[in-house]
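[1] how would this look folded up:
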Amino acid sequence: MRTIALFILLFAATAGAAPLDELIAIALRDNPQIQAARQAASAAAAVPAQASSFDDPQAGVAWYLSEVETRVGPQEQRLFLSQKLPFWGKRGLRGAHAGGLARAAGATVRDVALAVVTEVKERYYDLVYVEESIRITEADRALVKDIVAAALAHYGAGHGQQRDVLRAQVALSRDTDRLLTLRAQRATLTAILNELLARDKQTPIDGVALPAALPVVETMDGLRDEMVATRPRLAALTRRIEAARAVVDLARKQYYPDLTARFDYTLTSEGPLPVADNGTDSYWATLSINLPIWRKRLDAGVSEARARLAEAEAVYRDELERAERELADLRFRLTTSLEQVALFDTGLVPQAEQALRATMDGYRTGQAEFLNLLDAERDWLDLKLAAFRAKADLFQEQARLDQAVGRLPEPKKD
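    Numbering: from 1, shown residues only. From the prediction side, this is the model:
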């Protein structure tokens, strides 16, 4: 039958080039969540230089409310300049702590970007499914119209019943209702994708399609090694451990005193005595240290720093174990999805197509009941939709696996 042949040919065709890579590039560039994470990382990157810097020097001037008379004359004013010099290594450790937190913030940018990219992929594949479902349903609607025509012809010739015509028209209305729902879903998914891309929600997204090649299931060992090396959350926690170690070393350094260097200059006026150095100004240098004698406070600081380090290491181990479980689960689901796609493509859909052909031919020759024809049409439609849903789910599982591993496509440079 010509309509069935057209129906099958329509599903054999593939859609145009998918714009997924372009959408991901736009999201990586414009998504507000990613931009906010980048600004937070930029702010964190500016902290190490501040943390490792010297304190501001202190400068001042003092006036003697009552002049101090000396042999060379009365002292009127004193100028001073002082600079605190932390014990060797303290500034570097403060910078190392802030640098670790800055690198953790940089890894967080990748984590946020991964979440956004995965969301873009999932909604994109949902949109592909909806677009394909619209195509399938429209083709099925044409097929049902042909079935309605056949039922009318049988009824007109006295070989059929009016209820067959009514049932066929119900099937036609079912397709019409499904198309209304699918088009509403298309509008919603388009708006969600555009929101992720930080652009007008009404911007059309055309030419969507699934990738031509199916995903390949990789070995668990390979996935785990890649995950340990590239998963942003693990990287961020590793950097936090480095920062916590710097804090432990810094807490130990607090047992050592800091040095303060000071230079004083006193202005002296000429006095009444006829001495050679009459009115000569005086100046001197001072070195002082703080005395870290309150051991309980210092010991508590070291204990706190060690506990923070142990906490960071425990959080890393927990995240690693959770990530390994997640990775194993996603790999299993990807394998199962591949098997389901193969079952639809090689078994269920071809069998349903063959049954539809045979039932239609049988109905035309009076060897098949009309209800059998409608059942065959409905089975074919449901299986075709389920097959494409399974394929879209497969690529969504791959997207989630990529996120778990830490695979982030790099933005294209202009």
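[2] buried ones in the one helix or strand Lys384 maps to?
    Per DSSP states H and E, Lys384 falls inside helix 370-405. In terms of neighbour count (16 or more other CB atoms under 10 Å), helix 370-405 has its buried residues at 370, 372-374, 376-381, 383-385, 387-405. Just so you know, the C-beta spots here come from the backbone N, C-alpha and C atoms, and that holds for glycine as well.
[3] next one: stretch 349-357
    Neighbour counts over stretch 349-357 (16+ other CB under 10 Å) mark 349, 352-353, 355-357 as buried.
[4] so where's the protein shaky on pLDDT?
    1-18, 71-73, 148-165, 168, 279, 363-371, 410-414 (pLDDT under 70).
[5] OK, contacts around Leu85?
    Going by CB atoms under 8 Å, 6 or more residues apart in numbering, Leu85 touches 54, 258-261.
[6] I'd like to know which of the residues you listed are buried.
    Using 16+ other CB under 10 Å as the burial test, these include 258, 260 as buried.
[7] mind listing the strands for the stretch 151-300 of the chain?
    Counting by DSSP state E, counting those that start in this stretch, the stretch 151-300 of the chain has strands at residues 259-268, 282-289.
[8] Check the offset of the last one from the chain's centre.
    In this view, strand 282-289 has its centroid 56 Å away from the chain centroid, taken as CA atoms, centre = their mean, to the nearest Å.
[9] who does it touch, helix- and strand-wise?
    strand 259-268 (3 or more CB pairs under 8 Å, 6 or more residues apart in numbering; DSSP states H and E).
[10] got the angle between the strand it packs on and strand 282-289?
    Counting by axes from the mean of the first three to the mean of the last three CA atoms, to 10 degrees, strand 259-268 lies at 160 degrees to strand 282-289.
[11] The closest residue to Asp30 other than its chain neighbours: how many residues sit nearby?
    Using CB to CB, 6 or more residues apart in numbering and skipping the chain neighbours, the partner closest in space to Asp30 is Ala198 (4.2 Å). For Ala198, the count of nearby residues is 15 (other CB atoms under 10 Å).
[12] Show the contacting residues for Ala198.
    Counting by CB under 8 Å, 6+ apart, Ala198 touches 30-32.
[13] which secondary structure elements does the longest helix along the chain contact?
    In the chain, with assignment by DSSP state H, the single longest helix is helix 90-156. Secondary-structure packing of helix 90-156 (3+ CB pairs under 8 Å, 6+ apart): helix 2-12, helix 20-30, helix 32-45, helix 47-51, helix 162-196, helix 232-253, helix 349-364, helix 370-405.
[14] Please identify which of those helices is closest to Ala104.
    Taking CB to CB, helix 232-253 is the member of these nearest to Ala104, at 3.9 Å.
[15] any idea of the angle that closest one forms with helix 90-156?
    Helix 232-253 and helix 90-156 are oriented at 160 degrees to each other (the same axes, to 10 degrees).
[16] Name the member of the contacts of Ala198 with the most neighbours.
    Highest neighbour count within the contacts of Ala198: Asn31, with 22 neighbours (other CB under 10 Å).
[17] Put the alpha carbons of stretch 228-241 into CSV.
    Extracted in CSV, the C-alpha atoms of stretch 228-241 (Å, rounded to 0.1, in the frame of the first residue of the first chain):
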residue,chain,number,x,y,z
VAL,A,228,39.7,10.5,39.0
ALA,A,229,41.7,12.7,36.7
THR,A,230,38.9,15.0,35.3
ARG,A,231,35.9,15.0,37.6
PRO,A,232,35.6,18.6,38.8
ARG,A,233,34.2,17.8,42.2
LEU,A,234,37.1,15.5,43.0
ALA,A,235,39.5,18.2,41.7
ALA,A,236,37.9,20.8,43.9
LEU,A,237,38.1,18.6,47.0
THR,A,238,41.7,17.8,46.2
ARG,A,239,42.5,21.6,46.1
ARG,A,240,40.7,22.1,49.4
ILE,A,241,42.8,19.3,51.0
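[18] now that stretch, how far from the centre of its chain.
    Taking CA atoms, centre = their mean, one finds stretch 228-241 lying 14 Å from the centre of the chain it belongs to.
[19] Doesn't Asp345 lie inside a helix?
    Yes - according to DSSP: H, G, I helix; E, B strand; the rest coil, Asp345 belongs to a helix.
[20] Next, count neighbours for it.
    14.
[21] any idea how far the residue nearest to it when sequence neighbours are not counted is from Gln340?
    Nearest residue to Asp345, sequence neighbours excluded (CB to CB, 6+ apart): Ala387, at 6.8 Å. Applying CB to CB, to the nearest Å, the value for Ala387 to Gln340 is 9 Å.
[22] Next: Asp277.
    Look at Asp277 and Gln340: by CB to CB, they are 101 Å apart.
[23] Those two: which has the busier surroundings?
    Gln340 (18 against 10).
[24] What is the helix or strand hosting the more buried one packed up against?
    Element membership of Gln340 [criterion: DSSP H and E] is helix 295-343. When contacts are defined as 3+ CB pairs under 8 Å, 6+ apart, helix 295-343 sits against helix 220-230, helix 232-253, helix 370-405.
[25] between those helices, which one is nearest to Arg186?
    helix 370-405 (13.8 Å).
[26] which residue packs closest to Met90, ignoring adjacent ones?
    Careful, residue 90 is Lys; it's not Met. Lys90 sits nearest to Lys253 (CB to CB, 6+ apart), 5.1 Å away.
[27] Distance check, that neighbour against Val117.
    Lys253 is 42 Å from Val117, by CB to CB.
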